[in-house]
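Asker: Following is a predicted model, sequence given first.
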Amino acid sequence: MEASEQLKQNPYVETKSPREANVENGTSFVNGALRAPRGSVSAYSWENLGMLAHSAGVGIVNSTMSGIVYAVLNNYLHMSATLVATAVALIQFPRSLRLFTGMVTDTIPIFGYRRRPYM
């Protein structure tokens, strides 16, 4: 079966790993990239609007959760300010690790896939 026919049947076959990814003419992508080089990508283009909406949504949810936790723990449960600050820090901790998590999963495949498990 040809690579282009296999790609039409299952679009994830060729993007399983950057080392295995091939362009339809059989040449490998440059430096393990998942797409052919076409210049720089604009974060403000219509193609990437979902990325900006996702970032805004995550920021709204994170700030809302911090406010709710503060209100419930401090006002309703009458916890000390130290414990409330600790709880808010624990909620925000995974968000601070997202850069390092992304770097690790880009270099070490999860179940044989790069980027796909968390997208």
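Answerer: Nice, thanks for sending it over.
Asker: can you give me the helices in this structure?
Answerer: Assigned helices in the chain, in chain order: 3-9, 49-70, 81-96, 98-107 (criterion: DSSP state H).
Asker: can you list the weak-confidence ranges in the protein?
Answerer: For the chain, the stretches flagged by pLDDT under 70 are 1-39, 115-119.
Asker: and with 80 instead?
Answerer: 1-44, 47, 102, 105-106, 109-119 (pLDDT under 80).
Asker: Per the annotation, how does it divide into domains?
Answerer: Following the assignment in automatic domain parsing, the chain carries domains at 1-33, 62-111.
Asker: what would the helices of the chain look like in JSON lines with distance to residue 43 and mean neighbour count?
Answerer: Yep, even glycine has a C-beta here, placed from its N, CA and C like the rest. Below are the helices of the chain laid out as JSON lines (distance: least, CB to CB, whole Å; neighbours: other CB atoms under 10 Å):
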{"stretch": "helix 3-9", "distance to residue 43": "27", "mean neighbour count": "11"}
{"stretch": "helix 49-70", "distance to residue 43": "7", "mean neighbour count": "12"}
{"stretch": "helix 81-96", "distance to residue 43": "19", "mean neighbour count": "12"}
{"stretch": "helix 98-107", "distance to residue 43": "16", "mean neighbour count": "11"}
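Asker: These into JSON lines, with extra columns for distance to residue 40?
Answerer: Formatted as JSON lines, the helices of the chain follow (distance: least, CB to CB, whole Å):
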{"stretch": "helix 3-9", "distance to residue 40": "25"}
{"stretch": "helix 49-70", "distance to residue 40": "15"}
{"stretch": "helix 81-96", "distance to residue 40": "27"}
{"stretch": "helix 98-107", "distance to residue 40": "19"}
